[in-house]
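J.: structure for this input, please:
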Amino acid sequence: MLHDILVFIPVLGLLVFVHELGHFLAAKWAGIRVERFSLGFPPRMIGKKIGDTDYCISWIPLGGYVKMAGMIDESMDTKVEGQPWEFMSKPVWKRVIVIAAGPVMNVLLTLVFFTALYFAYGLPQVTNEPVVAQVIDDSPAATIGLLANDRILSVNGQPVETWEQLTLLIHASPEKEIALAWERQGERLQATVVPRRDSLDQKGRIGIGPKVEIREAGVGESFVAACGRSWFLTREIGKFIGRLFSGRESVREGLAGPMQIMKMAGQYAREGLAEVVNFVAVISLQLALLNILPIPALDGGHLVFLGIEAILRRPVSVRARVIVQQVGMALLLALMVFIFINDFQKIFR
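T.: Here you go, the predicted model:
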């Protein structure tokens, strides 16, 4: 447990710092006075004021914030005097950049980490042979006795010549019995198996992985691969969020809170530096996407207000913004409590 905590704190600290640094640098660029740059939520623990900004660490280590002059945010500060250095005194397009800079920095961190991984460890490429390289424990494939190096010959009597062909046939049969035939050291074996339905993409899976070759790649090729992987993950995360809101995905099973993330961080740290870097990159992308959701008190909520202002050519009233922020904060706090309780239940279960 102590090991997990010691890994989790710097991981969370890095993600929060990068996100808030985006807001901070953009605010400085826009000429907005930053009153506080905090890692963690109040009460304030330690810090130092330099110029107009209080740089501090606060007691609740579940996030952070940048407090800008003249901005109605989660602090519920309604003091807007119309000074030239205030948030509301800047053009809408500049305020959009300031708000969007946090998620953008998290995306950039993801790209940098993925690029570094591919450059340092090489690009993985599937050989496309229908040969099993790994079998996940307790998976449908494991229950019928499939082993590494087995060559799949057919699915439901249809000959299989490539890994791509194999996956297409299995993906198309979630929760439907299929007949597999495979070869092991010259011996032909066969069995029926029922692919499980993947909660992310609803495709059938039996828990096998292909042979993968690793080849060296330059910085440019590594960056292109990092962009491709980030886009793939963005689409998958978007689909997952859509299923959560539509009720097709269980909130209780689908969401992971700080305790679960801490546990995962510790597990990846035991597996090596590459796994930690990959984990941080994925979590950073998730943080960026969650923050741009149009929910009050998140960056996406602020962007909605700016969009309304751009359309109406006047800002939304202070009273309306405060009420929406209060409702948003109440909902987020309730969600955090639910996630904490759910985390503890999962751990003890």
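
J.: from now on I want contacts and neighbour counts done on CA atoms only, so please keep to that.
T.: Noted.

J.: neighbours of the nearest residue to Leu117 once chain neighbours are set aside, how many?
T.: Once flanking residues are discounted, Leu117 sits nearest to Ala274: 6.8 Å by Cα to Cα, 6 or more residues apart in numbering. Using other Cα atoms under 10 Å, Ala274 is surrounded by 17 other residues.

J.: and Met259, by the same measure?
T.: 20.

J.: ok, it to Glu271 distance?
T.: Using Cα to Cα, to the nearest Å, we find Met259 at a distance of 19 Å from Glu271.

J.: also Gly40?
T.: In terms of Cα to Cα, Gly40 sits 28 Å off from Glu271.

J.: neighbour count winner among these two?
T.: More neighbours surround Gly40 than the other of Gly40 and Glu271, with 22 against 10 (other Cα under 10 Å).

J.: wait, a strand at the more buried one?
T.: Yes: under DSSP: H, G, I helix; E, B strand; the rest coil, Gly40 sits within a strand.

J.: that one and Gly64 touch, don't they?
T.: Yes: counting by Cα atoms under 8 Å, Gly40 touches Gly64, with 4.4 Å between them.

J.: buried set for the helix or strand that contains Trp29?
T.: Following DSSP states H and E, the helix or strand that holds Trp29 is helix 2-30. Neighbour counts over helix 2-30 (16 or more other Cα atoms under 10 Å) mark 4, 7-8, 11-27, 30 as buried.

J.: for it, packing partners?
T.: Applying 3 or more Cα pairs under 8 Å, 6 or more residues apart in numbering; DSSP states H and E, we find helix 2-30 packed against strand 34-50, strand 53-68, helix 92-121, helix 258-271, helix 273-291.

J.: now these in CSV, please, with extra columns for distance to Ile178 and mean pLDDT.
T.: Listed next are the helices and strands packed on helix 2-30 as CSV, based on distance: least, Cα to Cα, whole Å; pLDDT from 0 to 100:
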stretch, distance to Ile178, mean pLDDT
strand 34-50, 52, 88
strand 53-68, 46, 85
helix 92-121, 36, 95
helix 258-271, 34, 75
helix 273-291, 34, 90
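
J.: so which of those comes closest to Arg243?
T.: Checking the helices and strands packed on helix 2-30 against Arg243 by Cα to Cα gives helix 273-291 as the closest, at 14.2 Å.

J.: how far off helix 258-271 does that closest one point, in degrees?
T.: Per axes from the mean of the first three to the mean of the last three Cα atoms, to 10 degrees, the angle that helix 273-291 makes with helix 258-271 is 150 degrees.

J.: give me the buried positions along helix 273-291.
T.: Judged by neighbour count (16+ other Cα under 10 Å), helix 273-291 contains these buried residues: 274-291.

J.: for stretch 49-69, same thing?
T.: 53-58, 63-69.

J.: OK, contacts around the closest residue to Gly157 other than its chain neighbours?
T.: Sequence neighbours aside, Ala179 is the residue nearest to Gly157 in space, at 7.2 Å (criterion: Cα to Cα, 6+ apart). Listed by Cα atoms under 8 Å, 6 or more residues apart in numbering, the contact partners of Ala179 are Val155, Asn156, Gly157, Gln190, Ala191, Thr192, Val193.

J.: for the residues you listed, which two are the farthest from each other?
T.: Farthest pair in these, by Cα to Cα: Gly157 and Val193, 13.6 Å.

J.: neighbour count winner among those two?
T.: Taking neighbours as other Cα under 10 Å, Gly157 and Val193 compare with Val193 leading, 17 against 11.

J.: partner residues bridging that one?
T.: Ile178 (DSSP bridges).

J.: what about it, distance to Glu161?
T.: Counting by Cα to Cα, the gap from Val193 to Glu161 is 20 Å.

J.: common neighbours of Gly157 and Val193, please.
T.: What both Gly157 and Val193 touch, as defined by Cα under 8 Å, 6+ apart, is the set Ala179, Leu180.

J.: give me every residue that touches the nearest residue to Asp4 once chain neighbours are set aside.
T.: Ranked by Cα to Cα, 6+ apart and with sequence neighbours excluded, the top spatial neighbour of Asp4 is Gly266, at 4.1 Å. Contact analysis of Gly266 by Cα under 8 Å, 6+ apart lists His3, Asp4, Ile5, Val7, Phe8.

J.: kind regards, and thank you for your time.
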